[in-house]
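Undergrad: here is the input, now give the coordinates:
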Amino acid sequence: MPLPQEFHDIAKRVNNWGRWGTDDEIGTLNLITDQVVREAAGCIRSGRRVPLALPLQQDGVQTGMIHGRINPLHTMTAINQEIFGPGTVATSDDAVTMGLQAATHWDGLTHVSHSGRLYNNRPAESITAHGGATSLGIEKAAPIASRGVLLDIARAHGTDRLPGGRAVTPEDLDAAEELAGTTVRAGDIVLVRTGQMQHYLAGDRQAYAFPSPGLSLHTPEWFHARDVAAVANDTLTFEIFPPEIENLWLPVHALDLVEMGMMQGQNWNLEELSTACATEGRWTFFLSAMAEPFVGGSGTPVAPVAVL
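TA: Numbering: from 1, shown residues only. The predicted structure is shown next:
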């Protein structure tokens, strides 16, 4: 199905190509300035640290639905090996094989393309089999540390978990922003909680994967208007799945990554954070979510931490 006119109209309204120059490779991460980080540090009051990553394990979130997304396969390559001779210090080593976007991760700006283009009008052909992303690679991502804002959509609607297939709309984001008692501002990293992660934490990977609530086609304009630096949520697919418009697959990915140059994250565990924010009565915090610098990567595992 060709991309509909509605998509192209939204794309024009959120497009950031050239905004930070023709050579720019980090998109909306440019919005995380030194001043933004200094102000974000002021969110730390109690010092409570909340981890947001899932454990890296073979029984991870991937079900085989997405080709090539291999759950982490851990292998010991050496076990108590006395490599310098008998009686010397022994060492153990291990290795992991996994999809870079298999667990809690960031999507890089080359994760999707449309109409043959990537962010900032780069050709999709710049991704090669041997070099990966020869521009816009995940290793280019600036240090990702800023003010985090939890938009707890489920809690704002008085429920633990949104139903599968429920689109998160701009109106939902407004309601969660009101609950948070803050205004999302330039350079923020927004975390959108649907409660979908509860399925995976309860051991039901299939229910976690499909059907899934997620961001609507109309949410990129909400984030663009507020100059959000990045967005992550607690689902496998980020956007509503199956799609809200029949056969229009991954339009939110294309608008966020290609048009805006805004990285997005999936499979973030926001359950403990939801409880912590409700307990402390505030939904803003300092967020550290550094991208692992895989050269040429189109995504990366991340172990984000919210500090309240």
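Undergrad: every contact and neighbour count from this point should use C-alpha atoms.
TA: Will do.
Undergrad: can you show me the helices along the stretch 201-308 of the chain?
TA: 205-209, 219-225, 251-253, 271-280 (DSSP state H, counting those that start in this stretch).
Undergrad: what's the most buried one of the ones you listed?
TA: helix 251-253 (a mean of 24; mean count of other CA atoms under 10 Å).
Undergrad: distance between that helix and the chain's centre?
TA: 13 Å (CA atoms, centre = their mean, to the nearest Å).
Undergrad: nearest to residue 298, of the helices of the stretch 201-308 of the chain?
TA: Closest to residue 298 of those is helix 251-253 (CA to CA; 12.9 Å).
Undergrad: what does the closest one contact?
TA: Residues from elsewhere that reach helix 251-253, judged by CA atoms under 8 Å, 6 or more residues apart in numbering: 7, 112, 215, 216, 217, 219, 220, 239.
Undergrad: wait, which of those is closest to residue 178?
TA: If you rank these by distance to residue 178 using CA to CA, residue 219 comes first, at 16.4 Å.
Undergrad: what sits against the closest one?
TA: With CA under 8 Å, 6+ apart, residue 219 has these contacts: 168, 169, 170, 252.
Undergrad: now do residue 62
TA: So residue 62 contacts 69, 70, 71, 102, 103, 205 (CA under 8 Å, 6+ apart).
Undergrad: burial count for the second one?
TA: A total of 20 residues lie near residue 70 under the criterion other CA atoms under 10 Å.
Undergrad: that one against residue 61, yeah?
TA: No - using CA atoms under 8 Å, residue 70 is not in contact with residue 61; the gap is 9.6 Å.
Undergrad: now the common contact residues for the two.
TA: residue 102.
Undergrad: could the helices of the stretch 201-308 of the chain be laid out in CSV, adding distance to residue 184?
TA: Supplementary listing: the helices of the stretch 201-308 of the chain in CSV, determined by distance: least, CA to CA, whole Å:
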stretch, distance to residue 184
helix 205-209, 28
helix 219-225, 9
helix 251-253, 20
helix 271-280, 16
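Undergrad: wait, which of these is closest to residue 89?
TA: helix 271-280 (40.4 Å).
Undergrad: who's in contact with that closest one?
TA: Counting by CA under 8 Å, 6+ apart, 50, 52, 150, 152, 193, 195, 197, 198, 283, 284, 306 sit against helix 271-280.
Undergrad: now swap in stretch 162-180 and tell me
TA: With contact meaning CA under 8 Å, 6+ apart, stretch 162-180 is reached by 150-156, 183-184, 194-196, 210-216, 218-219, 222, 239-242, 244, 282-284.
Undergrad: now it: buried residues?
TA: 162, 164-170, 172-177, 179-180 (16 or more other CA atoms under 10 Å).
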